[in-house]
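Visitor: Here is the input, now give the coordinates:
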Amino acid sequence: MDADTLVATLQAAVPDAQIEGAPAVDPQTTIYVSRDDVPALARAVRDRPELAFDLLAELTAVDFWPKEPRYEVVYMLVSLGAMVYYPVPLHRQPPLAPASATPVPLDETERAATDVLALPIYPELTHEQQATVVAAVCAFYSA
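Guide: Just a heads-up that it's a prediction; the model follows:
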């Protein structure tokens, strides 16, 4: 989902929230939100079926010194539906391409970008979530 679609969906769910799309240098959709709106927006991204972000994968902060306010909190949320992490291989993403120029073909990397399916596997996966993953895989292979 791109930032504009995510912002529109969240704005419909939490009409008074301050939400802004942001440019991203990787395949992850990035938005900025007011810290006061985080609880309501977190519930919306978890509870709305079209979003279903159900894993807080990372929580960190960025130091923008000397800017004030100096720190911004960064939440990386993931929807545990099957996903490809890097549909464009890292060496071909514009920000990294100059640093990763190689005379050697990266055939396996190119193949993995189109062939690898990432499935959610982690200890806290509930039986219901496991059943959802299994059903999705079965539906894919029976189509």
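
Visitor: Please identify the buried residues of the lengthiest strand in the chain?
Guide: Longest strand in the chain by number of residues (criterion: DSSP state E): strand 53-63. Across strand 53-63, burial judged by 16 or more other Cβ atoms under 10 Å covers 53-55. C-beta: built from backbone N, CA, C; applies to glycine.

Visitor: before we move on, what about stretch 36-49?
Guide: Buried residues in stretch 36-49 (16+ other Cβ under 10 Å): 37, 41-42, 44-45.

Visitor: Same question for stretch 129-136.
Guide: Neighbour-count burial for stretch 129-136 [16+ other Cβ under 10 Å]: 132-133.

Visitor: tell me the mean pLDDT for that stretch?
Guide: Stretch 129-136 shows a mean pLDDT of 87.

Visitor: Convert the C-alpha atoms of that stretch to PDB, please.
Guide: Output of stretch 129-136 as PDB, limited to C-alpha atoms (Å, rounded to 0.1, in the frame of the first residue of the first chain):
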ATOM      1  CA  GLN A 129      -3.000 -16.700  12.700                       C
ATOM      2  CA  GLN A 130      -1.300 -20.000  11.800                       C
ATOM      3  CA  ALA A 131      -4.600 -21.200  10.300                       C
ATOM      4  CA  THR A 132      -4.900 -18.000   8.300                       C
ATOM      5  CA  VAL A 133      -1.400 -18.400   6.900                       C
ATOM      6  CA  VAL A 134      -2.000 -22.100   6.000                       C
ATOM      7  CA  ALA A 135      -5.300 -21.300   4.400                       C
ATOM      8  CA  ALA A 136      -3.700 -18.500   2.300                       C
END
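
Visitor: Can you give the distance of that stretch from its chain's centre?
Guide: Relative to its parent chain, stretch 129-136 has a centroid offset of 20 Å by Cα atoms, centre = their mean, to the nearest Å.
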